[in-house]
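Visitor: Give me a 3D structure for the following:
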Amino acid sequence: MLPTLADVLELPPVRRARPRVAVGTDLLDVSVRWVHIAEVTDLAHLLRGGELVLTTGIALPADPESLQTYIDGLASAGVAGIAVELGRKYHGELPEALLRPAREARIPVVALEREARFVEITEAVHSRVVNRQLEELRESERLHEAFTELSVEGARPERVLREVAQLSGCPVVLENLAHQVLVCDLNGEDPGRLLASWESRSRGVRINGRTSHDSPTGWLVTMVGARGQDWGRLILFTGAASAPRQIMLIERAATTLALGRLLERHEESLERQTHRTIIAGIIDRAYSDPDEALVRARAVGVPLAGRKLVGLTLRLREPGTGLAAQARLSDTAEGVARACRALRLTALVGSIDDLRVGVLLAVPGTGGLEPHLHRLSEGIRERVSAESVLAVGSVAESIRDVRRSFLEARQVGDVALHQQRGDGGRPFYRLPDLHLRGLLHLFRDDERLQTYVERELGPLLDYDARHGSDLTGMLRHYLSSGRNKALAAANAHLSRPAFYERLRRISHVLEADLDSVETCLSLHVALLSLDSVRGRLSS
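Guide: Numbers count the residues shown, from 1 in each chain. Reported below is the predicted structural model:
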């Protein structure tokens, strides 16, 4: 941080000159970037802004018009202030013809009542400036090393935020685009105070650019994301103002978080078996030629060519931790493989992450798939003790479509966990078995869905947060009632005129036509998406 004019006035060489502020006692917090000694009046073009101009005044004009021009030039250059040594031209006081335009231009003017050693002043100030800049450079290097080490370690977000809190001494919060807290380190502060009504408070803080400080809340906010896809915001509670070091710190942390998320998406298990390697290669598009997977599978005795290919995932209900979880996943994969062998099903079987076993099932082109799936699900129940859900992707006519089938199965399995108890527990799940709520829940962490919710409902949610109203609830009643206003009013326990007035207000806030079927359909989907994002999935 650069020294302020107040800091400069406290330096020994300046103090010896007995400085007296003639104009701008309330402007001494201005930063001084450099000191410029000048005895000429035409110097604005030589300045870059932030300089303290030192002069004896010997060459300053006497007439008010020329002094006005002199001050106007310094103001246009953005100087930090003017220091005039008394004794050479001015004795005792500086002329009002100089002070008045400086006062109007809000340029501080300092009278030096004793002879000043200008060279000592410049050396002292420039040394202070350079030392500050050097310290900032060293601090930047320290932060770079700290967060580079975290990136190399693959540190979890909790670890990154702990580092931010320790380095800044401030609470820090990571939230998603729906303004929900993902991770926080409050640095010993009261969670009830800092996190109360978080969503509504966060919605009220909008930033300009990637990083911005919101003075009313004292929040320093920066966007988190990579490759043009933001997925969250990092918030540091700095108070009334933020220092350059804090900005540097939070931006470096945001970069580390974004990099960590990219690495997590491509992280692969160290324990690879042959089947898992082939499946992982298909899912991760590791093969330059997709047909390479056919060759590799054939080499391990699993012919895939000329068959219908289906990706399945067996999703464990509980993740578990440590070696016990790895052993359970290994046992589960082996149980699935035994079931396939016993049923004479051609398949690749291997764990694809810490929660799922992947099965690439290859069935003959003739005959249906349904009998094979029922037989396999029964065989898995007999041989796998872990509580799990079997999900089936769409049929792939070629090896190039297998990745899509696996991704679909993985997503279906995630949603099916929430629906399994509600529908009696199917032997297996496919995409048509899921309802709209389930599909939206499937994408609840996708930034595109969160962006869609904000685009459709953001103004209404912001309005409710600012006014303490529940127009969002009124819209829900209206859409859930099939746009039957009378029924919606009754469900909302309001008179029809009162409910109609709320609908008019909703229409105004959203700038939407609530009589349009297409508009209402979009809003209804956005409300269901909001429920999924907030974790209110219904069975």
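Visitor: in the stretch 151-300 of the chain, which spans are strands?
Guide: Along the stretch 151-300 of the chain, the stretches classed as strands by DSSP state E, counting those that start in this stretch are 172-176, 181-185, 211-214, 219-226, 229-237.
Visitor: What pairs with the longest one, parallel or antiparallel?
Guide: Which is strand 229-237. With DSSP bridges as the test, strand 229-237 is paired with strand 172-176 (antiparallel), strand 219-226 (antiparallel).
Visitor: Now residue 83: which helix or strand?
Guide: Assigned by DSSP states H and E, residue 83 falls within strand 81-85.
Visitor: For that strand, which strands pair with it and how are they oriented?
Guide: Here strand 81-85 has these sheet partners by DSSP bridges: strand 51-55 (parallel), strand 109-112 (parallel).
Visitor: from the middle of its chain, how far away would the shortest one be?
Guide: Meaning strand 109-112. Offset of strand 109-112 from its chain centre (C-alpha atoms, centre = their mean, to the nearest Å): 48 Å.
Visitor: Now it: buried residues?
Guide: Neighbour-count burial for strand 109-112, counted by 16 or more other C-beta atoms under 10 Å, picks out 109-112. The way it works is simple: take the backbone N, C-alpha and C, and place the C-beta from them, glycine included.
Visitor: quick one: contacts of it?
Guide: 5, 9, 14, 17-24, 81-86, 90, 93-94, 98-99, 102 (C-beta atoms under 8 Å, 6 or more residues apart in numbering).
Visitor: ChimeraX command for the buried members of those?
Guide: The ChimeraX command for the buried members of the contacts of strand 109-112 (criterion: 16+ other C-beta under 10 Å) is given here:
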select :5,9,14,17,19,21,22,23,24,81,82,83,84,85,86,90,94,98,99,102
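Visitor: Among the contacts of strand 109-112, which are located in strands?
Guide: 19-23, 81-85 (DSSP state E).
Visitor: May I see these arranged in TSV, with pLDDT and distance to residue 212 as well?
Guide: Shown next, in TSV, are those (pLDDT from 0 to 100; distance: C-beta to C-beta, whole Å):
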residue	pLDDT	distance to residue 212
19	93	36
20	93	39
21	93	33
22	92	37
23	91	33
81	93	28
82	94	33
83	93	35
84	93	39
85	92	42
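Visitor: Go through the residues you listed and say which is closest to residue 372.
Guide: residue 81 (84.2 Å; C-beta to C-beta).
Visitor: To what extent is the nearest residue to that closest one once chain neighbours are set aside buried, counted in neighbours?
Guide: Take residue 81 and drop its neighbours on the chain: the residue closest to it by C-beta to C-beta, 6 or more residues apart in numbering is residue 108, 3.9 Å away. Residue 108 has 24 neighbours, counted by other C-beta atoms under 10 Å.
Visitor: Ok, residue 197 next?
Guide: 8.
Visitor: Please report how far it lies from residue 95.
Guide: 58 Å (C-beta to C-beta, to the nearest Å).
Visitor: same question, residue 517
Guide: Taking C-beta to C-beta, one finds residue 517 at 77 Å from residue 95.
Visitor: Those two: which is more packed in?
Guide: Higher neighbour count among residue 517 and residue 95: residue 95, with 14 against 9, using other C-beta under 10 Å.
Visitor: can you tell me which residues contact the more buried one?
Guide: The contact partners of residue 95, by C-beta under 8 Å, 6+ apart, come to residue 67.
Visitor: Only alpha carbons, please: show stretch 174-192 as PDB.
Guide: The C-alpha coordinates for stretch 174-192 follow below in PDB (Å, rounded to 0.1, in the frame of the first residue of the first chain):
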ATOM      1  CA  LEU A 174     -17.700 -20.100  -0.500                       C
ATOM      2  CA  GLU A 175     -21.200 -20.100  -2.000                       C
ATOM      3  CA  ASN A 176     -22.700 -21.500  -5.200                       C
ATOM      4  CA  LEU A 177     -24.600 -19.500  -7.800                       C
ATOM      5  CA  ALA A 178     -27.800 -20.100  -5.900                       C
ATOM      6  CA  HIS A 179     -26.400 -18.200  -2.900                       C
ATOM      7  CA  GLN A 180     -26.100 -21.300  -0.800                       C
ATOM      8  CA  VAL A 181     -23.100 -21.800   1.500                       C
ATOM      9  CA  LEU A 182     -20.900 -24.700   0.300                       C
ATOM     10  CA  VAL A 183     -17.900 -24.300   2.600                       C
ATOM     11  CA  CYS A 184     -17.000 -21.700   5.200                       C
ATOM     12  CA  ASP A 185     -14.300 -20.900   7.800                       C
ATOM     13  CA  LEU A 186     -15.600 -18.300  10.200                       C
ATOM     14  CA  ASN A 187     -12.300 -17.800  12.000                       C
ATOM     15  CA  GLY A 188     -14.000 -18.100  15.400                       C
ATOM     16  CA  GLU A 189     -16.900 -15.800  14.700                       C
ATOM     17  CA  ASP A 190     -20.500 -16.600  15.600                       C
ATOM     18  CA  PRO A 191     -22.100 -18.700  12.800                       C
ATOM     19  CA  GLY A 192     -25.500 -17.500  13.900                       C
END
